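*Asks:* Give me coordinates for this.
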Amino acid sequence: MEPQVPFERMPTLGESVTQLLSGFTTCIELCYTIEKNGRLGASQGAFQELQLRLEHSAQEIQIVFDALRDYVGSLMELGDVEARNCLKESIYLMQFRVQRKLDGIASGRSDRTSHNPELPGFRDLRSLVETVEDNVTQDLEAQAQRLQDRLARARADILAEERARTG
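*Replies:* Sure thing, here's the model as predicted:
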């Protein structure tokens with residue numbers, strides 16, 4: 001007999017958006033720590049651009065999700081597997097690429113063996129955050145469109161059944 005694998009419930013789309021935004025908040029807090037600790041060196045401009053991008057992206061994702069949820073309804077909160085998987089990838093990027101890198105810089109654990117002024121990679125991190133924002137907003141919009149399409153098909157089926165019954 002095969003061992004039983006415990007069932008792990010996949011988070012809803014709304015829960016995934018909340019988790020992603022929590023990751024953004026953690027990254028913003030790490031930026032404040034980096035700034036406070038003076039661990040910027042010659043990359044202050046790129047760092048400030050990253051901070052602004054993190055704040056903007058978090059706001060943009062929240063606005064898009066809220067607007068689409070208001071437009072499509074509570075089904076948007078649940079989401080489908082495709083949308084939840086796409087968000088899962090973005091959460092991974094934020095936690096294991098952006099947040100981990102910022103945590104290393106904030107705690108002084110980053111690699112400082114090079115004399116490259118852009119060593120922390122703030123520009124690369126900003127670019128990654130932009131990619132996450134673009135992917136998430138596109139995925140949310142695609143989810144809303146799939147829901148709209150399903151609702152339209154369901155309405156058409158209901159009307160067709162009603163017409164068939166009433167003759």
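
*Asks:* now the lengthiest helix in the chain: mean pLDDT?
*Replies:* When the chain is parsed with DSSP state H, its longest helix is helix 122-166. Summarised as a single mean, pLDDT over helix 122-166 is 91.

*Asks:* what's stretch 143-150 in contact with?
*Replies:* Contacts to stretch 143-150, defined as C-beta atoms under 8 Å, 6 or more residues apart in numbering, come from residues 13, 68, 71-73, 75-76, 79-80, 82-83. To be clear about C-beta, it is placed using only N, CA and C from the backbone, and glycine gets the same treatment.

*Asks:* Can you give me every residue that contacts the nearest residue to A142 once chain neighbours are set aside?
*Replies:* Distances taken as C-beta to C-beta, 6 or more residues apart in numbering put A83 closest to A142, at 7.2 Å, once the chain neighbours are dropped. By C-beta under 8 Å, 6+ apart, A83 lies in contact with 13, 139-140, 142-143, 146.

*Asks:* Now do the phi/psi pair for G73.
*Replies:* Backbone torsions for G73, taken as degrees, to the nearest 10, come to phi 110, psi -170.

*Asks:* Report the contact partners of it.
*Replies:* Counting by C-beta under 8 Å, 6+ apart, G73 touches L147.

*Asks:* how near is it to A67?
*Replies:* 12 Å (C-beta to C-beta, to the nearest Å).

*Asks:* do L125 as well
*Replies:* For L125, the distance to A67 - C-beta to C-beta - is 27 Å.

*Asks:* Specify which residue of the two has the higher count of neighbours.
*Replies:* Neighbour count, other C-beta atoms under 10 Å: between L125 and A67, L125 has more, with 24 against 14.

*Asks:* contacting residues for that one?
*Replies:* Counted by C-beta under 8 Å, 6+ apart, L125 has contacts 50, 97-98, 101-102.
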